[in-house]
Every structure is written in C-alpha cells, then in structure tokens.
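> Could you work out the structure for the sequence below:
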Amino acid sequence: MTPSPAPKPVLIEQDIETRMPDGIILRSTVYRPADGEPCPVLLTRTPYGRDLSVNSAYLNPATVAAAGYVVIMQDCRGRFGSDGVFNPSANEASDGAATVEWAALLPYSNGAVGMWGRSYFAETQWRAASLAPKGLAALSPGISAGANANNGSLYRGGAYELGSRLSWGHASVSASELLREFADDPERQGKEFQAWLDLDRSFSDGSAFDTLPLRDLSAQLGTFMNRHVLPSAGESPGNSFTRLWDEASSKPVPLPTLHIGGWFDIFCPSTLSQYSMQLEHSKAGAAPAPRLIVGPWTHTNFSAGYPDVHFGLNAAGGMMNGLGDLSGLQTAWFDSVLKDEPERLRQVPPVLLYFMGENQWRGFEELPSPGSHRDWFLGADGTLQDTPGSGGSVGYDYDPLDPVPAEGGATMIHGAYPAGPAAQHAVEARADVLTFTAEAFEEPVTLFGEVSATFFAASTAVDTDFVVRLCRVTPDGTSLGIADGIVRASWRDSHAGTGLWEAGHEPSPIEPGRPYEYTVSLWQTACTFAPGERLRVQVTSSCHPRWDRNLNTGKLAYDSAETLVARQSILFGEGHPSRLTAGIL
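Numbering: from 1, shown residues only. This next block holds a predicted model:
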C-alpha cells in the first residue's frame, strides 16, 4: 500500500444522539479530525458496547479518524447507551438507514458514508443497505452472518447449533440485559447478576450444556435468553427467525464491498456467498467489483495461533504478507472507494486467501474455482482409496449420554471449547469414532473450495446423527481437524445431494436397520497437504456441545431426557460408494 498522509489531531465526542423516526434516541461515540473539515463518515452499529476495546483491534477508530475520517460507533437500539428495547435483527434496517442519512448530513461530513464492522455489526450494514439510504457509499462486512441460518448459523444439517447459540446469548448479551432490566431495583439486580455469575461457571466448564432436557435450563436463564435464544433449541430449521436471519443479505447492493472472513469462522460460508453474490452483481455492471480477505481465523481470533498449531505472525490479522493490519487495510480500501485514491491498494490483490499447510497467502483477481475434484472412498479396513473397493460395513455404538466432545472447528462456544484447528488424538481414540486414512501424498496436493461427504449408513434408531470430519495427518502422526459437518437422519431429504439446506422437505424417521444415503457439507477450506502427509476422515455421531445431541428416540434434546444407545453401520463398496469429495486447486 502507498503511505497514508500525516495523521490529523482527533476530537472524541461521547453520547452523540440520533433520533429515530419513532422518537427513540440512539447514542454514539464520534471520532473526527479536530480541524472540522468535511470528510467521509465510517459508521458501525453494535449491540456489544460501542467502546468495547476489541473493536480497535479490527478497526482502530482513533487512527482511522486521524487518517481523515469521521468514525461513528453507535449502540444499537436497547443496548448500552441507546434507548428502546433490543429485539435482535428486527430494527436494524430502519435504524441503520436513518442513522446513515443522519450521518451524511453532519456538518463535518462530506456526505459519503461507509459502514464497517464484524459479526452482528456486519448484519447491521446489510440491513441498512437494503433500504438504500441516501449517502451510503460502501460496505466492509467482516465474519458476516446472513443467508446461512440453516447451514451453520442457527442449524446445521438439521441439528441445532447448541454451543454457539447459547454462548452468544449468555456471553454477549444477557449480562448487560439483566443489568438494564433491573436498573430500578438494585437489590434484585444484585441477585440476578449473582445468578448469572453462577451460570457462567457452568457455561465456562461446559456442564450447562449437559442438561437434559435442554428446556430445564430455563430456570437458570434470564429474560433475554428465555425469550430469544433457548426456544430455538426446540424449533426446526426453516422457522420464521431463520427467514428473518437470511433476509439480511439476500439481495446484492450497488456498492463497493470488502468481505473479511476466516476458514474457522462459523459464518465463513456466508462471507463467501456474499462475496460471490456481489461478484456476480459487478459482472452485470450493477456494482464495483468486491474484494475478499480470508485468513486462518475463527469468529473471534485473528491471531492465527491455536493450542495445537500456530500459523505464524504473517497469518495474523496484524501482518498479512506485510500488507499491514486489518485496520490499515480497511482504511486503504475506504481511501480507494470513498476518496478516489485507488493507488492506496496498488500492492493488495483483490482476493487474498491464506492457504494452510503451505502456510502462505495467495493473491487472485477473483475467488478461483477448483481446477478439478477428487473422491476418496471409505474402505472397511479403515483406508481411503481412489475406487470404492470391496463391499462391507463397519459399526460403532452411539450413546447420547457419552457424546464425543467437540475439539476445535468453526464454532464460537464460550469457555472450554475453543474454535480452530485442533489435535484429534483424544477423539480418535474413542470406540465410537471411525477413522479412514489415505496413503501418504507423494507430491503437494491442495484441497480448495467445497468439501462434502456422501455415505451410506444404517442405524438401529428411528433418528440419529452422523458427523464427518476432514483431518490433516502430519508425518509424526498428529491429526488436525480442518473441516467438518453433520446431518440429522430425519432431515436427510433437506440436505440430499449437496449437504446444504433446501426448503420444502419435512423431517421423517428412518427405518431401523435400513441403509440410507446421506450427504454432509464440510463447508470450504484451503489446505495444502505436503509430501508425507495423509488425509483422514472421521465418522461418528456427536460433537458435544457444538450441536445438540440426538437422543436416538425421535425426540429433541430440548423436550426429552430419555435416550437410547444406537448401533450405527457405515457401508462400503460398489453398491454403497461412501466417499469424501473435495476440490483440487
């Protein structure tokens, strides 16, 4: 990137008020050049506290303002300094659009407003943009949800995203909500907060997730969790909230967009689909070409360092091939699109992707497609082969009261279950986890793009789950989880063929003992296997507490504590070609 101009002195103003059309007051912290000269506005809207320090690691409002921007950080309706009641997603379109138009008319604004921010902040961008407010000129959504409610945000393969959903409500929202709810009764507030602290210990060590039925958690949860989070554990994919969730980014916008994601982020598919949507829009001449950055990051960890593997400082959000940190890169991009300074991005490729294994960034003009696809067929002897091989089956017992613990993955679970690539030795030592391992590669092979598994299985239960995980096995035998997915047998028809949700199919039980064909999406990856490394596939029936446990009875864990042990059989051969399919770059 070309150097930025000398920084300007910055003025910071607290509690700047914006009145919504319905009279509700929203409040912001504003960082702006002290000289008062009109310049572009960069707006973010958050339910997590506008002055939360973690925001600065992603886009530093002080340094960005010093580069010639008005940076506005606003609390969403009903959160922290803003008035009203917080109803997730419901008011973000109208509140966001009204705030954009207000910001464009500020005396120190030049009329151009860009929006930025990650996770829920990204959702507020898409929703505001859906109303095309005057002045909105660019979006920079990071680790962005939307259009993925039934494919990993709320449900996955028909299973409920238990750990992530309960963790989000508990860790991100519920404590501040109860402090607000009981602000007029300090004694009650103190008791409620103590109850929250007690519950926090059980979330942190994971014991809260062991509750059966899950609805029994209600007595320990506050108003917000009981109203907006826990009930969805008893609901089905495709419900009204999933539709509201997906509406956030269901249509492209005629704006320049910068998309930032992580291979181990729970919203990675959303990030990639939103980029692809904008790319097609640009090819039709309806928007500028989008940009994309995807690192080896999780939803909250941009350091690229994990307990079992560290990709190095170059992989972190503060380095990225010497291009700068995420705050500086976003500033350069906004300079390009809001200040007409394209030279600021001269050294930055339009698409910047981190390839694990080879541990380096690669640049592209646009997101590439795999050059080919390859199948690895599961064998009864625990191998992965290029052909289906001989027939047969192998089995294991799945006990919902002794589930396989979650080890890494694209999650955001509070406490004892960190996200990211994780060693699988403890998981693979269990009798209820099958492993299938290929011969060592003789030359580098890069898996890229969509990964899926198609397999044939029978169960003694009327409903059950199957979890498939892709692992990279290093020459010393370390098995690292790279990508995974799940399918709930009763929802098999909704995920047939691709492993991705398709509306219009009702859940149905399976016939005990009868083989069925299942498809699991393992989402996307970019991973190079070096000579001497091997590819491994795990098959099991649980990943606790990432997904709610299947009780094998046909009832949801939300409603019932009754469980059965199921005997699972995975079938092989020409008649049952169980396999993993991945793109090759």
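> residue ranges with poor pLDDT in this structure?
Under the criterion of pLDDT under 70, the regions of the chain flagged as low confidence span 1-4, 53-56.
> What segments of it are helices?
54-58, 61-66, 92-104, 120-129, 162-167, 175-181, 186-204, 223-228, 240-247, 268-283, 326-338, 425-428 (DSSP state H).
> between those helices, which one is nearest to residue 307?
helix 425-428 (12.6 Å; C-beta to C-beta). Bear in mind the C-beta positions are built from the backbone N, C-alpha and C, glycine included.
> picking that back up, can you redo the helices of the chain as JSON lines with mean neighbour count and distance to residue 522?
Shown next, in JSON lines, are the helices of the chain (neighbours: other C-beta atoms under 10 Å; distance: least, C-beta to C-beta, whole Å):
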{"stretch": "helix 54-58", "mean neighbour count": "16", "distance to residue 522": "27"}
{"stretch": "helix 61-66", "mean neighbour count": "22", "distance to residue 522": "37"}
{"stretch": "helix 92-104", "mean neighbour count": "22", "distance to residue 522": "31"}
{"stretch": "helix 120-129", "mean neighbour count": "27", "distance to residue 522": "24"}
{"stretch": "helix 162-167", "mean neighbour count": "24", "distance to residue 522": "17"}
{"stretch": "helix 175-181", "mean neighbour count": "17", "distance to residue 522": "34"}
{"stretch": "helix 186-204", "mean neighbour count": "14", "distance to residue 522": "27"}
{"stretch": "helix 223-228", "mean neighbour count": "18", "distance to residue 522": "29"}
{"stretch": "helix 240-247", "mean neighbour count": "16", "distance to residue 522": "21"}
{"stretch": "helix 268-283", "mean neighbour count": "22", "distance to residue 522": "11"}
{"stretch": "helix 326-338", "mean neighbour count": "23", "distance to residue 522": "27"}
{"stretch": "helix 425-428", "mean neighbour count": "17", "distance to residue 522": "16"}
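> how about these in TSV, adding distance to residue 538?
Below are the helices of the chain laid out as TSV (distance: least, C-beta to C-beta, whole Å):
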stretch	distance to residue 538
helix 54-58	33
helix 61-66	43
helix 92-104	39
helix 120-129	32
helix 162-167	18
helix 175-181	36
helix 186-204	26
helix 223-228	32
helix 240-247	28
helix 268-283	20
helix 326-338	33
helix 425-428	7
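> Quick check: which of the ones you listed is nearest to residue 79?
Nearest of the helices of the chain (C-beta to C-beta): helix 175-181, 7.2 Å.
> re earlier: closest to residue 28 out of the helices of the chain?
Of these, the one closest to residue 28 (C-beta to C-beta) turns out to be helix 92-104, at 8.2 Å.
> by contact count, what packs against the closest one?
Under the contact criterion of 3 or more C-beta pairs under 8 Å, 6 or more residues apart in numbering; DSSP states H and E, helix 92-104 touches strand 10-19, strand 39-46, strand 70-75, strand 109-118, helix 120-129, strand 136-142.
> how about these in JSON lines, adding distance to residue 277?
Formatted as JSON lines, the helices and strands packed on helix 92-104 follow (distance: least, C-beta to C-beta, whole Å):
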{"stretch": "strand 10-19", "distance to residue 277": "30"}
{"stretch": "strand 39-46", "distance to residue 277": "22"}
{"stretch": "strand 70-75", "distance to residue 277": "26"}
{"stretch": "strand 109-118", "distance to residue 277": "17"}
{"stretch": "helix 120-129", "distance to residue 277": "11"}
{"stretch": "strand 136-142", "distance to residue 277": "12"}
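> Figure out which of the ones you listed is closest to residue 191.
It's strand 70-75; of those, that one is closest to residue 191 (C-beta to C-beta) at 26.1 Å.
> Which strands border that closest one, and is each parallel or antiparallel?
strand 25-33 (antiparallel), strand 39-46 (parallel) (DSSP bridges).
> what angle separates the longest one from helix 92-104?
Per axes from the mean of the first three to the mean of the last three C-alpha atoms, to 10 degrees, the angle that strand 25-33 makes with helix 92-104 is 40 degrees.
> number of nearby residues for residue 105?
11 (other C-beta atoms under 10 Å).
> Next, give phi and psi for it.
The phi and psi torsions at residue 105 (degrees, to the nearest 10) take the values phi -100, psi 0.
> got the contact list for it?
111, 135 (C-beta atoms under 8 Å, 6 or more residues apart in numbering).
> can you give me the strands for the stretch 351-500 of the chain?
All strands of the stretch 351-500 of the chain, identified by DSSP state E, counting those that start in this stretch, fall at 351-355, 360-364, 372-378, 384-385, 392-398, 434-437, 445-459, 465-473, 479-488.
> Looking at the strands paired with strand 70-75, spot the one closest to residue 233.
Closest among the strands paired with strand 70-75, once you apply C-beta to C-beta, is strand 39-46, at 25.6 Å.
> returning to what we had before: out of the strands paired with strand 70-75, which is the most enclosed?
strand 39-46 (a mean of 26; mean count of other C-beta atoms under 10 Å).
> gap between residue 469 and residue 536?
As judged by C-beta to C-beta, to the nearest Å, residue 469 and residue 536 stand 8 Å apart.
> Which of these two has more residues huddled nearby?
Ranked by neighbour count (other C-beta under 10 Å), residue 469 and residue 536 place residue 469 first, with 29 against 24.
> Does the more buried one touch residue 480 like I think?
No: under the criterion of C-beta atoms under 8 Å, residue 469 makes no contact with residue 480, lying 10.3 Å away.
> where do the contact lists of those two overlap?
residue 424.
> Residue 533 against residue 441, yeah?
Yes: Residue 533 lies in contact with residue 441 (C-beta under 8 Å); the separation is 5.8 Å.
> Please compare those two by neighbour count and tell me which comes out ahead.
Using other C-beta under 10 Å, the more surrounded residue of residue 533 and residue 441 is residue 533, with 20 against 15.
> roughly how far apart are the more buried one and residue 258?
On the measure of C-beta to C-beta, residue 533 and residue 258 end up 33 Å apart.
> repeat for residue 376
In terms of C-beta to C-beta, residue 376 sits 36 Å off from residue 258.
> So those two - more neighbours on which side?
residue 258 (25 against 22).
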